[in-house]
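K.L.:
Structure for this input, please:
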Amino acid sequence: SAVLTVVGIAHSLGEVLILTTAGRSANSEQLEKALRTESVGDIEVLLADNEEALLGILHRIAHDRLDDDKHYLTAYNGETWNGGFDLPFVRTACISHDLDWPFPDMAYADVFGFIDRFNTNDEKGLVEVYNELIGKESCDPFEDSRTAIDAFDAGDWEPLLLHNLADIQRTRELAIIASEYVPQSDFNMKNLSP
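P.N.:
Sure, this is the predicted structure:
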């Protein structure tokens with residue numbers, strides 16, 4: 001069955017990546033050093049031995065660092081199973097481990113919901129839309145997300161984290177562009193409280 005391997009959060013000061021090592025060896029300081037040049041600010045790599053521990057760390061970050069009144073979560077097609085996967089994976093993992101939902105009362109916006117406000121030449125995927133609208137070189141070492149699964153299986157942490165870092169940076173940059181060009185009324189914010 002699928003396991004959450006990395007959860008990433010980008011914010012104005014940098015990024016946080018939580019890596020499930022599945023009990024294998026990893027050095028967060030070395031990984032932070034390797035990723036530092038690709039970060040938009042500070043990079044923090046937190047290690048979890050398993051999915052349940054990753055969810056525990058995510059829960060602590062959500063409660064200790066995210067202010068429900070000032071922050072909101074953003075994903076790219078992250079809400080619908082078979083289109084995106086972010087929130088469905090987290091929900092299912094929480095159920096599997098009998099853990100509380102980490103984002104009660106957190107506002108959420110999906111960048112995918114307003115991409116049609118731009119001419120993206122019918123592109124819909126995160127990488128393709130990012131390339132159409134922004135086009136900057138990313139730190140992503142992979143052509144597609146399937147390769148990230150192989151990196152996780154091999155314990156090849158640096159490229160796996162670079163791939164996830166690139167995705168959260170792309171999502172954040174698209175959200176910023178949308179906030180500058182899309183009418184506020186087109187943002188479909190919702191509360192993630194169950």
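K.L.:
quick one: contacts for residue 148?
P.N.:
For residue 148, the set of contacting residues under the criterion of CB atoms under 8 Å, 6 or more residues apart in numbering consists of 5, 142, 159, 160, 163, 164. (Each C-beta comes from the backbone N, C-alpha and C, glycine too.)
K.L.:
Sitting in strands, which of these do you find?
P.N.:
Of these, none are assigned to strands by DSSP state E.
K.L.:
quick one: which of those residues has the most company?
P.N.:
Neighbour counts for those (other CB atoms under 10 Å) peak at residue 160, which has 25 neighbours.
K.L.:
list the contacts for the nearest residue to that residue once chain neighbours are set aside?
P.N.:
Counting by CB to CB, 6 or more residues apart in numbering, the nearest residue to residue 160 once its immediate chain neighbours are dropped is residue 151, at 4.1 Å. Residues touching residue 151, when contacts are defined by CB under 8 Å, 6+ apart, comprise 142, 157, 159, 160, 163.
K.L.:
now do residue 11
P.N.:
Under the contact definition (CB under 8 Å, 6+ apart), the residues listed for residue 11 are residue 71.
K.L.:
What residues of stretch 139-151 count as buried?
P.N.:
Of the residues in stretch 139-151, those buried under the neighbour-count criterion (16 or more other CB atoms under 10 Å) are 140, 141, 142, 147, 148, 151.
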